[in-house]
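Colleague: Below: sequence and its predicted model.
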Amino acid sequence: MSIYVGNLSYEVVQENLAEIFAEFGTVKRVQLPTDRETGRLRGFGFVEMSSDAEEDAAIEALNGAEWMGRDLTVNKAKPREERGPSRGNFDRRGGSSRRY
């Protein structure tokens, strides 16, 4: 399982986040998604720890805690929803829905 960490500062780096969570156990992985167009952090991340007990302790301690000037949102990450194929800008007749 993995932990969702929201409301992160845009200045955070993986090492910062790993340090905070290491207080509660072994951090296996830290992921900080970036915006595809700008490369800027998206303001949330995911932390994976060695055990559910460690994750639960981190969530209990850090949810709502202030860090780097922001109140964190920390909870169990929900499984990623599968997305269907992109339909683009095409209407049911097979043509583009854009009007020129």
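Modeller: Ah, there it is. Predicted model only: the values in this text are computed from it and were never measured.

Colleague: can you pull out the helices in the protein?
Modeller: In the chain, the helices defined using DSSP state H lie at 14-22, 52-62.

Colleague: What I need now is those written out in a markdown table, including mean pLDDT for each item.
Modeller: As requested, the helices of the chain are exported to a markdown table (pLDDT from 0 to 100):
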| stretch | mean pLDDT |
| --- | --- |
| helix 14-22 | 97 |
| helix 52-62 | 97 |
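
Colleague: Spatially nearest residue to the residue nearest the centre of the chain, not counting backbone neighbours?
Modeller: The residue lying closest to the centre of the chain (CA atoms, centre = their mean) is residue 45, at 3.0 Å. Leaving out its chain neighbours, the residue that sits closest to residue 45 by CB to CB, 6 or more residues apart in numbering is residue 32, at 4.4 Å. C-beta here means a position set from N, CA and C on the backbone, and glycine is covered the same way.

Colleague: hmm, back to that, distance check, the residue nearest to the centre of the chain against residue 63.
Modeller: The gap separating residue 45 from residue 63 is 14 Å, by CB to CB, to the nearest Å.

Colleague: Residue 2: which of the helices of the chain is closest?
Modeller: Nearest of the helices of the chain to residue 2, taken as CB to CB: helix 52-62 at 8.1 Å.

Colleague: Any buried residues in that closest one, and which?
Modeller: Neighbour-count burial for helix 52-62, counted by 16 or more other CB atoms under 10 Å, picks out 54, 55, 56, 57, 58, 59, 62.

Colleague: Flag the shaky bits of the protein, pLDDT-wise.
Modeller: In the predicted model, the chain carries pLDDT under 70 at residues 83-100.

Colleague: what about the strands in it?
Modeller: Here the chain has its strands, by DSSP state E, at 3-6, 27-31, 44-49, 66-67, 70-71, 73-76.

Colleague: of all the ones you listed, which lies closest to residue 37?
Modeller: Nearest of those (CB to CB): strand 44-49, 17.0 Å.

Colleague: ok and that closest one relative to helix 14-22, angle-wise?
Modeller: 50 degrees (axes from the mean of the first three to the mean of the last three CA atoms, to 10 degrees).

Colleague: on that earlier part again, what about the residue nearest to residue 45, how many residues close to it?
Modeller: By other CB atoms under 10 Å, the residues close to residue 32 number 18.
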